[in-house]
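1. Build me a model:
(chains A and B)
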Amino acid sequence: MSSSIAPTREREETTEEVAKPDLPWIVIVWNDPINLMSYVVFVFQKLFGFSKEKATKLMLDVHHKGRAVVSSGPREKAEFDVYRLHSHGLWATMQKDR
Amino acid sequence: MSARRGRRPTFEPVEPDGMRATLSEDELELLRSLPAQLRKVLESAERDPANDRLFPPAYLDIEDIESEEEFQRLARDDLVAAKLEAVELVTKSLERAEPEHGRALGGKRWTVELSAEETAAWLGVLNDVRLTLGVRLEITEDFTGDIDESDPRAPALHLLDYLGWLEEHLLMALTAGND
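-> Prediction:
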């Protein structure tokens, strides 16, 4: 308890965190002309454990609206999901949810 | 690759989680040529559209540019390694293909039994080859398989069509009984 320097730095960090609330990140899958609809449904089920119905609905959103949000959460989770989607050849990106 | 419609299944599930692939000699030869083509794209140090499609950006916002560089730095090597491993699994499994017994008429057919891991690798490699082919052919709208024979790209479009058909059947066999 002898330090008188550390608290100053801590306070600065706290201030910044309050000013910039930690928004969740969303993962978006974009439409592409090559991936088969059945393949996209298969990958959604495999990676996220979605029911066939939910995976199909998301695939149709991608197909008709050009994109769909397939997952959200902290940055690390979003990066992991994007990585897994890329490893399966899906065109996925992530951004802050705003 | 003509006369493929109406024939018996190319892929049949094998208990407990394997898959039997049965191919004509032409198909076997074609499939054996694919892994090397994909490996070339994966190992290319130069950026090109096919490469960009297999390894797209994770962050789109310009303000996330540093995060994007970090992501590519960390993820790219792992992605390439995983895809190369799939290429290797497909290559090795195709080397195991054996002539099917008891077929005197209608051309020789080849058969090979795939493990679950190899089946997943086949799906991934088929899909990645189709993605790179689609980029090279500059396909921008959903590909329906309608091919203009006077189009200089017709042979490659037929290949894309065939590989899509093959992948569709692999998916059907993989998900059979899951509905």
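2. Backbone dihedrals for residue B:150, please?
-> Backbone torsions for residue B:150, taken as degrees, to the nearest 10, come to phi -80, psi -10.
3. count of neighbours near it?
-> Residue B:150 sits with 6 neighbouring residues when counted by other CB atoms under 10 Å in any protein chain shown. (Each C-beta comes from the backbone N, C-alpha and C, glycine too.)
4. Now do the same contact list for whatever residue of chain B ends up closest to chain A.
-> Residue nearest to chain A within chain B: residue B:134 (3.7 Å; CB to the nearest CB). Neighbouring residues of residue B:134 by CB atoms under 8 Å, 6 or more residues apart in numbering or on different chains: A:33, A:34, B:53, B:143, B:160.
5. and the second one, how far is that from residue A:64?
-> In other words, residue A:34. Distance, residue A:34 to residue A:64, by CB to CB, to the nearest Å: 17 Å.
6. cool, the first one as well?
-> In this structure, residue A:33 and residue A:64 are 14 Å apart, going by CB to CB.
7. and if you look at the last one?
-> In this structure, residue B:160 lies at 23 Å from residue A:64, with CB to CB as the measure.
8. Those two: who's more crowded?
-> Neighbour totals were compared for residue B:160 and residue A:64, and residue B:160 leads with 22 against 9 (other CB under 10 Å).
9. Can you tell me which helices and strands the host helix or strand of the more buried one packs against?
-> According to DSSP states H and E, residue B:160 maps onto helix B:154-175. Using 3 or more CB pairs under 8 Å, 6 or more residues apart in numbering or on different chains; DSSP states H and E, the elements in contact with helix B:154-175 are helix A:37-48, strand B:11-14, strand B:18-24, helix B:25-43, helix B:116-136.
10. Tabulate these (JSON lines), appending distance to residue A:82 and mean pLDDT.
-> Formatted as JSON lines, the helices and strands packed on helix B:154-175 follow (distance: least, CB to CB, whole Å; pLDDT from 0 to 100):
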{"stretch": "helix A:37-48", "distance to residue A:82": "11", "mean pLDDT": "98"}
{"stretch": "strand B:11-14", "distance to residue A:82": "30", "mean pLDDT": "95"}
{"stretch": "strand B:18-24", "distance to residue A:82": "29", "mean pLDDT": "95"}
{"stretch": "helix B:25-43", "distance to residue A:82": "19", "mean pLDDT": "94"}
{"stretch": "helix B:116-136", "distance to residue A:82": "17", "mean pLDDT": "97"}
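11. Quick check, central residue of chain B?
-> Most central in chain B under CA atoms, centre = their mean is residue B:126, positioned 0.6 Å from the mean C-alpha point.
12. How about that residue: what's its closest non-neighbour residue?
-> Residue nearest to residue B:126 in three dimensions, not counting chain neighbours: residue B:167, with 4.5 Å by CB to CB, 6 or more residues apart in numbering or on different chains.
13. Quick check: the one you found touching residue B:124?
-> No: the criterion here is CB atoms under 8 Å, and residue B:167 misses it with residue B:124 at 10.1 Å.
14. quick one: stretch A:29-46 to chain centroid distance?
-> Chain-centre distance of stretch A:29-46: 16 Å, with CA atoms, centre = their mean, to the nearest Å.
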